[in-house]
Each structure stands twice: as structure tokens, then as C-alpha cells.
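> 3D, please:
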Amino acid sequence: MKRGHGSSRPPRQAAKGARKSAHDDCEQGLVVATHGRHVVVEQPDGQRLICHPRGKKSEAVVGDRVRWQLTQEASDEGVIVEVSERRNLLYRQDEWRSKSFAANLDQLLMWIAVEPVFSEAQLTRALIAAHAADIPVTIVLNKIDLPGADAARQRLAPYVAMGYRVVELSLKAEAGAAREQVLPLLEDRASLVLGPSGAGKSTLINTLLPEARAEVGEISQALNSGRHTTTTSHWYWLDDARVGAVIDSPGFQEFGLHHIPAVELARHMPDLAAHMNDCRFHNCTHRQEPGCAVQAAVAAGQISPIRLSLFTDFFDELSQPRW
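Reported below is the predicted structural model:
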């Protein structure tokens, strides 16, 4: 594969006289793309190659720092020996399987649009998952030049009140100005762009990085994955210093939260969490219990009824027995 940007962190030097470990002969790298069980690893010198996991413990996602070795069968492919400890991992857990988006993130850009009209349930699910992973979130509302912009703003008002940063732009209508709005959000950070199909994530990548399509095509050819590459995540460096990066992700229709216990759900919803400790009962489900501070906050207009309804739906979903 072509030469690209590498990790800015040099390999650690072994202490003099230290006992040689099983990984001393391994190379270090950064996972910059995934497709199924195959990944593309970028080496410190910028070269990239396909790697395969050695076992469950070596399965990697975009953003992972890994140790790898060349395979005995091919001189241009590797095997991942170890995945370094992650700072965080954003993933969704459906009833039977999980799907990882990326690891070691500095922030999540939740990318939605005026059209197609965004799902508040999808948005809330992603925000809950990010909160559980301790990943800061900025909500980006795209296509504000369209007639439904005011309605979208009203729907996002509760999230602004909760403290979420909301950035409005119109990437296609004012590409230059929108680019100037987005770049400061991305500088010196590893940012995952997540959102439903049609919200304009691909337009963002193509606006920021005109050569991105060529890079995706090259990775696709290397993985022999053809049109299926659109279902993968990709890491793009934003600068030659290899400090800021943006990770593109496939659009999603569902976002399972089965990795979050139902009893912890409210703690990951800031508006509910602000009142839940004042409930009379410590195990309050915020339905009909007497002395429920969350219900009182809804009645006082401090919590949107839609948000409580979403909580109730998610709580019921996560409380179902799994067979």
C-alpha cells in the first residue's frame, strides 16, 4: 500500500539488561481501517499493511495501537499479537452481538441533519453510549439552510440545556464557511464522526480531505472488499504533524445499549441524573413511585416529557430477560 502518515509516538526502548518479553520482536502500529476480521495497520514510518488477528484477544478496531509481526506465509501481511490498553471504546451492543466503532477517541461528533429528520431515539442512544464510555460529544446539525431548521433547533433545545454543545452549519450550501467552523472542532483531537445515513458525513470527509476517496479506494483494493468498503470505518490524518484525525463510520439504523445495565441507564442521561438522587426510593424507576424527583422535574418543565418517555422505553428494553 502507499506511504501514509504514521504514528507520532516512537517505539519504546527496552530497559538495558531487562528480560526479553514475547513481544520484543514485534512492530508497533495504528489501526486505520477495518473490514470484517481484517485490518489495515499503519507503521511508524507511514507504511501500511493488512493484518489479521491471532485470536479473540487480538481483535482490533480503528484507533487501536497494536503490536504485530509479519506472517510466515506472506511478506506483505501481518498478524496482530497484542492490542494495547484502550483509553475508551465506543460500541453498540444489540441483543446478540456487539459492533465497535472506534477506540482511543478524544471526542464524538454526533452528525445529524435537518433532512432526513433525525431520530431522537437514535441520537439519545448514541449519547448514552458515549457518556458510558466517558467520551465528550459535540452535536453537529447540518443542512440548516432547509425549511425544517427551526423545528430541528426546537428538538435540540433540551440537549443544549443539558450542556451539550450544538454546532449548526450547511456543508453543501456554504462549504467554505462550514469548513472553517468544523476544523477548530477537530484540531489536535482524534474525532469519530457518527450519524445516520444521509446526514452529510461523506460530504464532510470529502470537503476536509479531497484525497479521501483515493485513500478509501486504495484500502478497498488492498482488502479486496470492493463496494463493501462503505461498511467499514476509516482513520484520516488532518495534518502532516499527525496530531488531528477524523474517523469516518458507516451510517446506522439501530444502536443497541445492552452493554449498559437498566439500573444504570438514568445516570447516563444528564437531565435525569440531575434529579434522580432526590427520589424517595433509591431504586426508583421514575414511573409511578411516590416522591419521584424525576417525575416532579418533568411536571415543572425541567425535563422534556419526550426524554422521560425515551428513558422508559430503553429501561423496558434493557430489563427484558435474555435467553
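> strands of this structure, residue ranges please.
All strands of the chain, identified by DSSP state E, fall at 27-35, 38-42, 48-53, 65-70, 77-83, 89-93, 98-103, 107-113, 137-142, 165-168, 190-194, 234-237, 245-248.
> quick one: closest of those strands to His282.
strand 89-93 (25.8 Å; Cβ to Cβ). The C-beta positions use only the backbone N, C-alpha and C, and glycine is treated the same way.
> ok, the nearest residue to Gly163 once chain neighbours are set aside - contacts?
With Cβ to Cβ, 6 or more residues apart in numbering as the criterion, Gly163 has its nearest non-adjacent residue at 6.5 Å, and that residue is Pro270. Contact partners of Pro270, counting by Cβ atoms under 8 Å, 6 or more residues apart in numbering, are 131, 162-163.
> what about the nearest residue to Leu272 once chain neighbours are set aside, neighbour count?
Using Cβ to Cβ, 6+ apart and skipping the chain neighbours, the partner closest in space to Leu272 is Ala266 (4.4 Å). Neighbourhood size, Ala266 [other Cβ atoms under 10 Å]: 24.
> and Asp313, by the same measure?
Asp313 sits with 12 neighbouring residues when counted by other Cβ under 10 Å.
> residue contacts, it?
Ala121.
> can you map out the helices along this protein?
Using DSSP state H, the helices of the chain run over residues 120-132, 149-162, 175-186, 201-208, 212-223, 270-276, 293-299, 305-319.
> out of those helices, which is closest to Trp96?
Among these, helix 305-319 sits nearest to Trp96 (Cβ to Cβ), with 13.9 Å.
> for Phe315, give me the pLDDT.
Note on Phe315: pLDDT of 97.
> from now on call the first residue 491
Taking 491 as the first residue, the last one we looked at is Phe805.
> in the chain, what spans have low per-residue confidence?
Scanning the chain for pLDDT under 70 picks out 491-514, 564-565, 702-721, 741, 743, 812-813.
> try 80 this time
491-515, 526-527, 546-548, 562-566, 663, 665, 667-668, 700-722, 740-744, 811-813 (pLDDT under 80).
> let me see the domain layout of it.
491-575, 579-738, 752-809 (automatic domain parsing).
> TSV for these, including distance to Phe745?
Formatted as TSV, these follow (distance: least, Cβ to Cβ, whole Å):
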stretch	distance to Phe745
domain 491-575	16
domain 579-738	4
domain 752-809	11
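> burial count for Asp730?
Asp730: 7 neighbours (other Cβ under 10 Å).
> try the one 10 residues further on
Here the neighbour count serves as a burial measure; for Pro740 (other Cβ under 10 Å) it reads 15.
> pretty sure it sits against Ser692.
No: with contact defined as Cβ atoms under 8 Å, Pro740 does not reach Ser692; the gap is 10.4 Å.
> so which of the strands of the chain gets nearest Arg615?
strand 579-583 (7.7 Å).
> re earlier: the helices of the chain: which one's closest to Val569?
Closest among the helices of the chain, using Cβ to Cβ: helix 702-713, at 15.8 Å.
> quick check, distance from stretch 794-813 to the centre of its chain.
Centroid displacement of stretch 794-813 relative to its chain, using Cα atoms, centre = their mean, to the nearest Å, is 22 Å.
> same thing with stretch 649-659?
Using Cα atoms, centre = their mean, the offset of stretch 649-659 from its chain centre is 18 Å.
> how about it: buried residues?
Using 16 or more other Cβ atoms under 10 Å as the burial criterion, the residues of stretch 649-659 that qualify are 649, 652, 654, 656, 658-659.
> can you list contacts of that stretch?
Stretch 649-659 is contacted by residues 613, 617, 627-632, 634, 639, 643, 646, 667-668, 671-672, 675, 760-761 when judged by Cβ under 8 Å, 6+ apart.
> perfect, that will be all.
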